[in-house]
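Engineer: Sequence below, structure please.
(2 chains)
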Number of protein chains: 2
Amino acid sequence: MSEWRISNQELLEDESLLFTGNGYIGLRANFEEGYPGDYTTIRGAYINGFYETVTMEYGESAHGFAEEAQKMLNVLDPQTIKISFDGEVFSLFEGKLLRLERRLDIEAGYAVREIDWISPRGHHLRFQIKRMASFETLELMIIDYQVTSVNYAGEVQILSTIEGDVINYTNVHDPRVGAKHAKLLYAQKSKVSGNIMSMQAATSVSKLEMAVHVTHDLDFYYVMEGQSIGGIYESRLSPGETLSFRKYVAFTDSLRHQNLDKTAEEILTQALQRGIDHWYRVQRAYLEDFWDIARVEIRGEEGVTGAVNYATYQLLASAGKDVYSNVSAKGLSGEGYEGHYFWDTEIYMIPFFTLTRPQIARNLMKFRHETLEYAKADARAMGHPVGAKIPWRTIIGKECSGYFPAGAAQYHINADVAYTFIQYYLYSGDIQFIMDYGFEVLLETARLWMLIGYFDDRERFMIDTVTGPDEYTALVNNNYYTNAMAQYHLHWTYRFSKLVTEKSPDVWEILKNRLGVGELELRKMQRASEKMFLPYSEALKISLQDDHFIYKKPWDFEGTPRDKYPLVLNFHPMIIYRHKVLKQADTVLAHFLLDNETEEVIANSYHYYEALTTHDSSLSACVHGIMASRIKDQQKAYDYFKESLYLDLKNTHGNTRDGLHIANSGGVYMGIVYGFGGLRIKADGLHLSPSKPEAWESISFSVFYREARVKITIDEAIRISVDHPVELFIDNRKYLIEDYLEVTLHDNH
Amino acid sequence: MSEWRISNQELLEDESLLFTGNGYIGLRANFEEGYPGDYTTIRGAYINGFYETVTMEYGESAHGFAEEAQKMLNVLDPQTIKISFDGEVFSLFEGKLLRLERRLDIEAGYAVREIDWISPRGHHLRFQIKRMASFETLELMIIDYQVTSVNYAGEVQILSTIEGDVINYTNVHDPRVGAKHAKLLYAQKSKVSGNIMSMQAATSVSKLEMAVHVTHDLDFYYVMEGQSIGGIYESRLSPGETLSFRKYVAFTDSLRHQNLDKTAEEILTQALQRGIDHWYRVQRAYLEDFWDIARVEIRGEEGVTGAVNYATYQLLASAGKDVYSNVSAKGLSGEGYEGHYFWDTEIYMIPFFTLTRPQIARNLMKFRHETLEYAKADARAMGHPVGAKIPWRTIIGKECSGYFPAGAAQYHINADVAYTFIQYYLYSGDIQFIMDYGFEVLLETARLWMLIGYFDDRERFMIDTVTGPDEYTALVNNNYYTNAMAQYHLHWTYRFSKLVTEKSPDVWEILKNRLGVGELELRKMQRASEKMFLPYSEALKISLQDDHFIYKKPWDFEGTPRDKYPLVLNFHPMIIYRHKVLKQADTVLAHFLLDNETEEVIANSYHYYEALTTHDSSLSACVHGIMASRIKDQQKAYDYFKESLYLDLKNTHGNTRDGLHIANSGGVYMGIVYGFGGLRIKADGLHLSPSKPEAWESISFSVFYREARVKITIDEAIRISVDHPVELFIDNRKYLIEDYLEVTLHDNH
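Structural biologist: Below you'll find the predicted structure:
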């Protein structure tokens, strides 16, 4: 991935880029041996969904503001391994570094660091350090440490610790990172039991506990000191000899595990018994299965294939795989946005899983069902008498947003969640999942539209005072995105009620009674959907972002120097809100998700809004790329795709140190499948509308659709192979594919 | 004022209602001897403008949010006087209370408590306790304590203390009171020097110091204990005998006084020398002068005269009289809104002073000039490159608002401040004050309109994303009030530039250069004023509160039970903003202040908005009363006037305990003068349009206008006497009054 990157800034980025995770645990790619005193490092280990509850304070509070929030914790740190040679401590920052290579192997599922180093006293040594978070046993993390002497003969001492004095990273100058609450987890006890050392820690308010257990496959002896417990191993090394050992780490927590000690000890005993080769093997096998469907291949440009698959690997490594967790904005790679789950999951991440790993998609959707009671309670706390309000940012399902104009005001998240269920249903045909989970979520969240919206005197359904996806505009009336998504949401709530009734009248009877819903309410929803007001300009032939947007004062783009971006860090929100400027795709996103306007309106809207968009949000470039494909602007499609592709890899937003932009990772995948593939799912089935960048020879990817696995290659033709017969549309023409289809593409560049 | 009010709730209200103040110091009317342990009391002593700086925290912060705020402090407490009879401690809550009377004597300028009490052991005693804050020597406060024995013979012990363990009152459930930062002032040292005891205290961040010095006119001896210092006096009392003494208290602070000790000691020495009779005399003389012009008299309904003059007395007792202070929302009667100064001063309080006590008006206006650098810095901090933004709430001139949608977004405060200077000029003709202070304030604040507003494609000047006076609507476009006030502000900025140039070209030359203003900028302001967009509905023939207000979802007034008011304490702000509901006068207030629309539009607007207004703000009833007079709805005018008159006296808003609503006190006065008197000042001079409630026989009041003192009585006629010739309009007809004029009124009920 990166060579010779040892400036502090680069190392901080690499900590995120090379993080090791499996959806349950995440470890930032910190050096085991540490850094010089003047280096900043965000040393982090995270457990998905493991949180402390902190109080929220406000300059001035008001009714219904979230009074507390959950925050992801930096947990006990098992990373440290210090090694010394005749007392000379290994550090990359002393002596002579001949070679440093770090990479993430997404086929093997580990990160590796290779080092060729001469110590200040002239000892020449080579290191290979691999780190792996097992996809098979989620609690298990392994550091596989090898050191080879080139010319050194002498003693070697290894110290491998668990560190208990952990704090969360804070930054008062950047609202995208937590500003306070650094110390939240307290080490409680350390223990040595046989060849396992462990430390347990707890929080004060949430009363959660977690533990780290460690064992090694060499015979370490253990010592405790303060908030640290360590294993020590001493040996000798001669030229040509290699010393290697494995540090097996088990994470457990009281959310998921009844007995932290017992579970961890069993895992570590088994880990040792099975040995390192086993773990590499099952990791690779898991990923083979994953890549079999998830792999994307692009021919004709160096590095693109790797970067795309890197992105989807991060999605896999970040996505929660149980009911206690979801996918946070930064995955498990950093502490930005305090580990909160946003609409990012539904609109940017789930699409990948729906197409390639539906069981993970279902799990992420079930999270919203699981936490629906909190969403109802939040709605009640605000003063809404019925319905559920999906929290804008959350860990356990409670609202953690502390600035409502760009938080709780984003009611559209209700429709975003609904959208995902609908899309999943359309891809999978899985009505059972809708009966079990989807309909309840759709109904309760749809109820809020009926509460906040109203029919005006022309019988149009209006929704006022909400914030759309674009956070440079707030508290507006008839946000196109919100209204259009609510329309879809309301319509499908009604439609699902009919589908369920048809499919299973008994289930409908039960659902109906449990949810207190009747034909009248459902018809009113359908009517609101039909009468939904979607603001439109006859003069410009564009969808209007909201009632007022196009009339606002123009932003002085020419007079705004580069260092004044992102605007949110340089202007009071109100000043930004007052101007015709976007942070991110809004109407353009709606046109992507719903494909509900004419070609002309979609193209005009794209051109109109794109010119006003700063892309200060990492959720923007990918959508603009997809919609550039949609309107056949191949150059823009390619440029935005590349922007999205390298957003973290080149740190173009300047904050990759705080964690990867996982929604953008999903966006990279969508750029291929929805963008260049032109894939859409509609009520009438699957659509493709391919449009490959000229620079590339071919693109190929696979998706699940209904019973089939569909493999798609786009070059001068579109070539589709399926393992079950599939009906689909290519450029709006319907095809039935028995096993293979090839359609030559018209040059539409 | 009130008799037999000793329930806890009533006592808390009385603490505010009977507070003692002079604009520099304010003491809540706490019992000297204290309360039972289960009683809540907000024991408070305040120095106007004396503050601590506290940090502002936010659930999520953003650029330009105020990072710190100033907060008025509860200072060292000199109120305590405990008295015991043979060891039996006096308390109203034990024994038998035969009589309790408390009142504020607004002619004499003191509060008095009279008590007739039999102790549990049967000792019958009478007390008279007066408290006075001197208007002549602002640092001086006196408690004049008398106890008379009816049947008691025995020892008396008096303990009179200064208490150092003071904290600010907090309430996490009411955003109108500070939620945190209770302990902010720390007692530093106590001292006895001759017959003076003193205590000094300091803050940690603002590094301000204050001191309380106390002496008595009896021979007390002094003891210190912990954070308390006390004087003890022991004597005997026999039936028929009276024991009396005075506790002289001097407040000093490091904002105003170089040497706290020296100043206080001189004041107390003089206080003792001159004796109590002197202080009563000068107090009465000061008030005679005040009442000579400020007194309002209403015949025909019991209690109204007293209540009106009570209101203006509170204005006098609360208004800062130096450059360090202004008038806080609660005056000096309590800690609501943390002692902050708002637009209340300009729109609700200064009008009284402009008409009756111009030197105080000038001082309050100079405060804005004095703090203009902070207002410019605040504008810069938000991202505005030029101009000044008057802080929405402040003590030292810096923005202390912690919720911008109902705080910093109220840009209208810039025009409110300008309005006051303009009105003052129109009443007084004092162009010198405009040259010295007014023009600079008008110009710098007007610059923001040019920055945030813009000419649209129809050349209309639009102002987006601001909040008007009505806080149940936020961040709207073209708020009528804001636009209309900005129009007036911009126009007069231009006009003053011409008036100053005419009057004194040299002064203009200096001003112009100092402020970097030229003809081009001023002409653009005038043009913006001329082209200002004032939203209007042709269909309804009303001024529109903003671009969208009338289209919003109706509030379900019928479905909202009484206990859900004020709405702000029961619904998330966003829910309120979404509905067609007002907290307070907005467009109606603009029509009052500017009188800029036709009779028809004014009347229609009044009817339209009044039906939607909750009056959840105490700034609302008075304005509705005035405008009811304006449209000749005598019944409503009377009803709203009474609502305003008794808002605190009957605690109709339920929070009088946190302090008096001083803006409403100004509103009571305006209800008489602007409401029933129909007084307005316009570019062409003074206008009257009297309309007395039927229930009353007569109303009389006096105001200063230009060189004249104008006394106005309204009964079946309007009778005006002047001490200098005055030209004015009565019902739009012009009169020149040499010394007396009488015009019979048409019955327009």
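Engineer: so where do the helices sit in the stretch 551-700 of chain A?
Structural biologist: A:573-577, A:587-594, A:599-610, A:621-630, A:634-645, A:662-670 (DSSP state H, counting those that start in this stretch).
Engineer: of all the ones you listed, which lies closest to A:R458?
Structural biologist: Closest approach to A:R458 among the helices of the stretch 551-700 of chain A (C-beta to C-beta): helix A:599-610, 21.3 Å. Where you see a C-beta, it was placed from the backbone N, CA and C, and this is true even at glycine.
Engineer: Show me what the closest one is in contact with.
Structural biologist: Identification of contacts with helix A:599-610 by C-beta atoms under 8 Å, 6 or more residues apart in numbering or on different chains yields A:536, A:540-543, A:545, A:582, A:585-588, A:591, A:595, A:597, A:624, A:627-628, A:630-631, A:636.
Engineer: now the angle from that helix to helix A:634-645?
Structural biologist: 50 degrees (axes from the mean of the first three to the mean of the last three C-alpha atoms, to 10 degrees).
Engineer: So which residues of the stretch 251-400 of chain A form strands?
Structural biologist: With strands called from DSSP state E, counting those that start in this stretch, the stretch 251-400 of chain A shows them at A:297-299.
Engineer: Show me what from it comes close to chain B.
Structural biologist: With C-beta under 8 Å from any C-beta of the partner chain as the criterion, the stretch 251-400 of chain A meets chain B at residues A:A381, A:M382, A:G383, A:H384.
Engineer: if we can go back for a sec, are any of the contacts of helix A:599-610 buried, and which?
Structural biologist: By neighbour count, with 16 or more other C-beta atoms under 10 Å in any protein chain shown, those hold A:542-543, A:545, A:582, A:585-588, A:591, A:597, A:624, A:627-628, A:630-631, A:636 as buried.
Engineer: From those residues, pick out the ones that also neighbour chain B.
Structural biologist: Okay, of these, nothing touches chain B (C-beta under 8 Å from any C-beta).
Engineer: related to what we said a few turns ago, kindly reformat the residues of the stretch 251-400 of chain A next to chain B as CSV containing neighbour count.
Structural biologist: Formatted as CSV, those follow (neighbours: other C-beta atoms under 10 Å in any protein chain shown):
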residue, neighbour count
A:A381, 17
A:M382, 21
A:G383, 17
A:H384, 20
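Engineer: Going by distance to B:L679, which of these wins?
Structural biologist: Closest to B:L679 out of these is A:G383 (41.9 Å), distances taken as C-beta to C-beta.
Engineer: Would you mind giving both backbone torsions of A:T203?
Structural biologist: phi -100, psi 160 (degrees, to the nearest 10).
Engineer: Report the contact partners of A:S190.
Structural biologist: A:I162, A:G164, A:M197, A:S198, A:M199, A:Q200, A:M224, A:I229.
Engineer: The fifth one against A:L76, yeah?
Structural biologist: Yes: with contact defined as C-beta atoms under 8 Å, A:M199 and A:L76 form a contacting pair (5.4 Å).
Engineer: which neighbours do the two share?
Structural biologist: Shared contacts of A:M199 and A:L76 (C-beta under 8 Å, 6+ apart): A:I162, A:G164, A:A187, A:A211, A:V212.
Engineer: Just the ones of those residues in strands?
Structural biologist: Those of the shared contacts of A:M199 and A:L76 mapping onto strands are A:I162, A:A187, A:A211, A:V212, per DSSP state E.
Engineer: How about the last one, nearest residue that isn't a chain neighbour?
Structural biologist: In this case it means A:V212. Excluding its sequence neighbours, the residue lying closest to A:V212 (C-beta to C-beta, 6 or more residues apart in numbering or on different chains) is A:L76, at 4.4 Å.
Engineer: can you give me phi and psi for the closest residue to A:E707 other than its chain neighbours?
Structural biologist: Excluding its sequence neighbours, the residue lying closest to A:E707 (C-beta to C-beta, 6+ apart) is A:H724, at 4.5 Å. Backbone torsions for A:H724, taken as degrees, to the nearest 10, come to phi -140, psi 150.
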